[in-house]
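> heads up, no residue letters with this:
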């Protein structure tokens, strides 16, 4: 607020006393106006008359208010003209107090496109095996959800995957998804066979017993894997209602061929691990340690976060786990299927819900095992390059 100024009579004035100064509380520009020369001139001017002092005080107040308003305008408008050379050289306040804005958050579409771009630019062969569990499990969930939404009360009667695929639109989802999964399985098995051929080529040239064992394991993986892919394609196309016997036969062939593929892959992995780490005690303990001891290790479960680039020991131990759980689930699925459908006696009262559960668990174990092949497929490009360089050196 501005102080109210009253004129002082001439007789009461003391010329030796310093003049009164009027200041605004909010104005910093007029705080240094009080000096000896200015006070002397103001005292002499005030001594003339009371009327002139009134006019002078009013004019001073107006000048102070004008100067304060001009100062405030300059503070509010940093782009206006400055009063000194320092102000001219000083950057505007918007530049001085500008803060670096944080990076804008990307949308889901931009992140997805960026991930796909990285996959194209980098070694992406390992993703082919990773697509097997992704498409297979998604197809299973989609088929069962459609069945529960349209034709079944799943809280009371949960259908098996094959029986749910006999209805529409469940059958379309099952056929399309499983045919795509069969293609990915076929591609993964063929690429894994190529990987084994490149790793086992030195032993093939030697003609030793180890080389013959590797050849048998490699071709066993190829034959059983191709059989499993063809069987999965057949049971996906021929549903159980229209082609009952063919669907059952393709299902049996798929399970047998899938487990044969998994066993052959584990044998080949164990041989490669023993060769790579034959002189290392850690390598021997990694391949020869009991599975329960491996599962107690925290490092084993932490390494699963790098699924696409699993190390060899983790892929081998995870394959053992999925193989054991899957074989047990397949055995229980077969027992429950025979008992629940009246082929075998059912004194314990096994139900179709239990049959469907162990069928789904066995298939999930098979699909996840195929996903572990990404460990080998992700290193296939380097092996091919190394083999090509070696071939060029031999030719030169």
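Sure, I can see it. Quick caveat: nothing in here was measured; it's all calculated off a predicted structure.
> Which other helices and strands does the longest helix anywhere in the chain contact?
Using DSSP state H, we find that the single longest helix of the chain is helix 170-206. Judged by 3 or more CB pairs under 8 Å, 6 or more residues apart in numbering; DSSP states H and E, helix 170-206 is in contact with helix 126-150, helix 161-164, helix 209-237, helix 244-276, helix 352-371, helix 374-377, helix 380-395. C-betas here are computed from N, CA, C, even on glycine.
> Taking helix 352-371 as reference, get the angle to it.
40 degrees (axes from the mean of the first three to the mean of the last three CA atoms, to 10 degrees).
> buried sites along helix 170-206?
170-171, 173-175, 177-197, 199-200, 203 (16 or more other CB atoms under 10 Å).
> now the angle from that helix to helix 244-276?
Using the same axes, to 10 degrees: helix 170-206 against helix 244-276 is 40 degrees.
> Dump the helices and strands packed on helix 170-206 to CSV, plus distance to residue 331, mean pLDDT and mean neighbour count.
Output for the helices and strands packed on helix 170-206, formatted as CSV (distance: least, CB to CB, whole Å; pLDDT from 0 to 100; neighbours: other CB atoms under 10 Å):
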stretch, distance to residue 331, mean pLDDT, mean neighbour count
helix 126-150, 20, 89, 20
helix 161-164, 18, 86, 21
helix 209-237, 18, 87, 19
helix 244-276, 11, 89, 19
helix 352-371, 9, 89, 22
helix 374-377, 27, 86, 25
helix 380-395, 34, 79, 11
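> Could you provide the ones you listed in a markdown table, with additional columns for distance to residue 334?
Shown next, in a markdown table, are the helices and strands packed on helix 170-206 (distance: least, CB to CB, whole Å):
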| stretch | distance to residue 334 |
| --- | --- |
| helix 126-150 | 19 |
| helix 161-164 | 14 |
| helix 209-237 | 16 |
| helix 244-276 | 9 |
| helix 352-371 | 9 |
| helix 374-377 | 30 |
| helix 380-395 | 36 |
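> Residue 327 is nearest to which of these?
Distance to residue 327, taken as CB to CB, is lowest for helix 244-276 among the helices and strands packed on helix 170-206, at 6.5 Å.
> tilt between that closest one and helix 209-237?
150 degrees.
> ok and the longest helix of the chain relative to helix 126-150, angle-wise?
Using the same axes, to 10 degrees: helix 170-206 against helix 126-150 is 160 degrees.
> 475 is where my numbering starts, stick with that
Sounds good: first residue 475 from here, last item helix 644-680.
> Surely residue 741 and residue 690 touch.
No - here residue 741 lies out of contact with residue 690, judged by CB atoms under 8 Å, at a distance of 9.0 Å.
> returning to what we had before: ok, which of the helices and strands packed on helix 644-680 comes nearest residue 802?
helix 826-845 (8.6 Å).
> Show me what the closest one packs onto, helices and strands only.
By 3+ CB pairs under 8 Å, 6+ apart, helix 826-845 packs against helix 600-624, helix 635-638, helix 644-680, helix 718-750, helix 786-814.
> got the contact list for that helix?
For helix 826-845, contacts defined as CB atoms under 8 Å, 6 or more residues apart in numbering pick out 603-604, 606-608, 610-611, 614, 631-635, 655, 658-659, 662, 729, 732-733, 736, 739, 781, 793, 796-797, 799-800, 803-804, 806-807, 810-811, 814.
> ok, now with 7 Å
For helix 826-845, the external contacting residues (CB atoms under 7 Å, 6 or more residues apart in numbering) are 603-604, 606-607, 610-611, 614, 632-635, 659, 662, 732, 736, 781, 793, 796-797, 799-800, 803-804, 806-807, 810-811, 814.
> quick one on the thing from earlier: could the helices and strands packed on helix 826-845 go into TSV alongside distance to residue 834?
Output for the helices and strands packed on helix 826-845, formatted as TSV (distance: least, CB to CB, whole Å):
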stretch	distance to residue 834
helix 600-624	6
helix 635-638	7
helix 644-680	13
helix 718-750	13
helix 786-814	9
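> now for the ones you listed, which one comes closest to residue 855?
Closest among the helices and strands packed on helix 826-845, once you apply CB to CB, is helix 600-624, at 9.5 Å.
> The closest one versus helix 854-869: what angle between them?
150 degrees.
> other SSEs contacting helix 600-624?
helix 635-638, helix 644-680, helix 826-845, helix 848-851 (3 or more CB pairs under 7 Å, 6 or more residues apart in numbering; DSSP states H and E).
> Reformat those as a markdown table; add distance to residue 701.
Output for the helices and strands packed on helix 600-624, formatted as a markdown table (distance: least, CB to CB, whole Å):
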| stretch | distance to residue 701 |
| --- | --- |
| helix 635-638 | 19 |
| helix 644-680 | 10 |
| helix 826-845 | 13 |
| helix 848-851 | 20 |
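> I'd like to know which of the ones you listed lies nearest to residue 864.
Proximity to residue 864 (CB to CB) singles out helix 644-680 among the helices and strands packed on helix 600-624, at 9.2 Å.
> can you tell me the average pLDDT over that closest one?
What helix 644-680 shows for mean pLDDT is 86.
> what does stretch 786-794 give?
Taken as a whole, stretch 786-794 carries a mean pLDDT of 85.
> Can you tell me how far residue 658 is from residue 629?
Noted for residue 658: a distance of 33 Å to residue 629, by CB to CB, to the nearest Å.
> let me fix that: residue 719
In terms of CB to CB, residue 719 sits 32 Å off from residue 629.
> contacting residues around residue 746?
Listed by CB under 7 Å, 6+ apart, the contact partners of residue 746 are residue 673.
> wait, doesn't residue 698 sit right on residue 733?
No - if you go by CB atoms under 7 Å, residue 698 and residue 733 don't touch, sitting 8.5 Å apart.
> related to what we said a few turns ago, closest one to residue 598 among the helices and strands packed on helix 600-624?
helix 848-851 (9.6 Å).
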